[in-house]
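> Below are the sequence and a predicted model for it; my questions follow.
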Amino acid sequence: MAIKKHLSLKCMLALLVIFIWTAAVGGQSPDFKDNIYPLEKLKPTDSVLKVKVGDRAPDFTLPAVRGDKVTLSHYRGKKNVVLSFVPAAWTPVCSDQWPGYNIAREFFMQNNAILLGITVDNIPTLYAWTNEMCMGGGELWFPVLSDFYPHGAVAEKYGILRSDGVSERALFVIDKKGIIRYIDVHDINERPRLEVLVGELQKLEK
């Protein structure tokens, strides 16, 4: 596991809890699994990237579920940023991936990073989905943003809008200067490994 030895015991236990939790529920969040829309296996990727490592991340402003708007460049000079694009609300892997990040907040805090979750769904859909994701109470610690209108414009800007109108399952790690340092356009049918993302964030703070 590519994680620094000096990570606190609390962090290591949190990572272990995430692994056990996701294995136990079979890739779905247990509190709302009956509402998850079943999907057949999809084409792993279906887009052509328009950015690469070393590029300045294209800026954007998107509405957030919590009611405000979030601009990527607001974090420049302040925090590292992880963009987590997921295809659609109420689908199996997406409904497992973000709760894992919610549990792993301390990993992001230790690496001076903010996570921005983005989908092409509208705000009401994202509100209902994330509310159920948090067991009907509380909220995700990270902003959840809607790339609904113009539909998928930010996903298209990064080159990860699929032909069926949803985004790829993709991660972009952006440093404090606004430069893309890591890209993972993942197999849409699988959840990216948290320890890989943590390792990439640690590289930024060396």
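Received it, and whenever you're ready, just let me know what you need. Everything quoted here is computed from the prediction, not taken from an experiment. Numbers count the residues shown, from 1 in each chain.

> Compute the distance between the most centrally placed residue in the chain and Asp121, please.
Per C-alpha atoms, centre = their mean, the C-alpha nearest to the average position across the chain is that of Ser84, at 2.5 Å. According to C-beta to C-beta, to the nearest Å, Ser84 stands 14 Å off from Asp121. Glycine gets a C-beta too; all of them are placed from N, C-alpha and C.

> returning to that earlier point: now do the residue nearest to the centre of the chain, the pLDDT please.
Reported pLDDT at Ser84 in the predicted model: 98.

> Check Tyr37 too.
pLDDT, read off for Tyr37, is 83.

> got a list of what the residue nearest to it when sequence neighbours are not counted touches?
Ranked by C-beta to C-beta, 6 or more residues apart in numbering and with sequence neighbours excluded, the top spatial neighbour of Tyr37 is Trp90, at 5.1 Å. Going by C-beta atoms under 8 Å, 6 or more residues apart in numbering, Trp90 touches Asn35, Ile36, Tyr37, Thr125, Trp129.

> Try it again at 10 Å.
Contacts for Trp90 (C-beta atoms under 10 Å, 6 or more residues apart in numbering) come out as Phe32, Asn35, Ile36, Tyr37, Asp121, Thr125, Ala128, Trp129, Glu132, Met133.
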